[in-house]
Structure formats: C-alpha cells, structure tokens
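Asks: with the input below, show me the fold.
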Amino acid sequence: MSQSKIYFLLKVLAFFGILLSVYLLYQQIFRPTFQPCYVNSIINCDAVISGAVAKTFGISTPLIGLIGYITIMIAILKKYQRILLGAALFGLIFCLGIAYIELFQLKVICPVCIGCQFIMISIALLSIKLNLNRSKSEKA
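Replies: Numbers count the residues shown, from 1 in each chain. The predicted structure is shown next:
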C-alpha cells in the first residue's frame with residue numbers, strides 16, 4: 001500500500017475518532033435525555049460518561065481521547081511519522097486499559113468506546129507500517 005493511501009486512511013480514521021470523542025464529551029457535559037448509546041444496563045456509554053472511567057487522573061476521559069485524536073490528526077497532516085507512532089501507541093495502550101476496566105471490572109460494553117478502540121488499533125497498525133516503510137527507504 002502506498003504512503004499516500006495510508007495517509008488518506010489515517011485521516012479518515014482520525015476524523016471519525018474525533019467525532020466519536022466529541023460525541024462522548026457532549027454526552028458527558030450536557031447529559032441529554034436522548035442517549036442513543038444506551039441499549040440496556042450492560043451495553044451503554046454510562047461508564048465513560050458518568051461512571052468509573054469518566055475521568056482519568058481527574059481529567060475527562062472523552063477529552064483525553066479528543067486531544068489524542070487531534071494530536072494524531074496534526075501529526076498526519078504534518079507527516080510527523082514518529083509523533084504519529086508515539087501518539088498512536090499511547091492511544092492504543094490507553095484505549096485497551098479503558099476496555100479492560102469496562103469489560104472485566106465494570107462488566108459493561110460501551111459501543112462508542114469499541115468504535116474508538118477499533119479506530120485506534122487501525123491507526124496504530126498503519127502508523128507502524130508507515131514507520132517500517134520509512135526505515136526501509138532510509139536503508140536503501
């Protein structure tokens with residue numbers, strides 16, 4: 001896959017990550033009566049909006065996600081591959097940590113979080129591919 005295709009995919013993924021983070025942040029701040037993420041007591045976004053993982057180190061978890069995705073988008077647009085890789089790997093570890101807490105401690109599933117986790121895994125894999133391609137071209 002060419003670098004231009006990888007960058008295009010990364011932009012699309014980061015854009016959707018930003019949208020999902022904004023959605024969760026909106027839900028957390030405004031608490032609207034209509035909550036499409038709420039399916040039942042097990043499948044909902046309450047853990048991230050108001051529950052045990054709503055804040056990480058005293059900071060809104062959706063805000064951390066939004067800042068992360070914006071950082072990733074800037075790294076993509078500027079083609080800062082190492083910053084992209086670092087942000088993607090940090091984001092991946094962060095997302096997997098939240099997923100572990102949700103699934104195994106709280107026993108809930110947040111559909112939006114699953115979307116964010118899928119996006120972050122994809123971004124991490126694509127950024128690794130970009131960095132591997134860069135390393136190969138530097139050696140040649």
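Asks: just the strands in the protein please.
Replies: Secondary structure of the chain (DSSP state E): strands at 55-56, 59-60.
Asks: how distant is the first one from the center of its chain?
Replies: How far strand 55-56 lies from its chain's middle: 15 Å, per Cα atoms, centre = their mean, to the nearest Å.
Asks: mind checking the pLDDT average for it?
Replies: Confidence for strand 55-56, expressed as mean pLDDT, is 94.
Asks: same question, stretch 37-48
Replies: The model assigns stretch 37-48 a mean pLDDT of 90.
Asks: same thing with stretch 74-86?
Replies: Per-residue scores along stretch 74-86 average to 97.
Asks: mind checking which helix or strand of the protein has the lowest mean pLDDT?
Replies: Within the chain, confidence by mean pLDDT, DSSP states H and E is lowest for helix 46-49 among all helices and strands, at a mean of 88.
Asks: show me the shaky parts of the protein.
Replies: Counting by pLDDT under 70, the chain has low-confidence residues at 135, 137, 139-140.
Asks: quick one, what contacts the closest residue to L96 other than its chain neighbours?
Replies: Using Cβ to Cβ, 6 or more residues apart in numbering and skipping residues adjacent in sequence, the residue nearest L96 is Q117, 7.1 Å away. Just so you know, the C-beta spots here come from the backbone N, C-alpha and C atoms, and that holds for glycine as well. Q117 makes contact with 95-96, 98-99 under the criterion Cβ atoms under 8 Å, 6 or more residues apart in numbering.
Asks: on that earlier part again, and the least confident helix or strand of the chain, what does it pack against?
Replies: Contacts defined by 3 or more Cβ pairs under 8 Å, 6 or more residues apart in numbering; DSSP states H and E place helix 46-49 against helix 3-30, helix 61-78.
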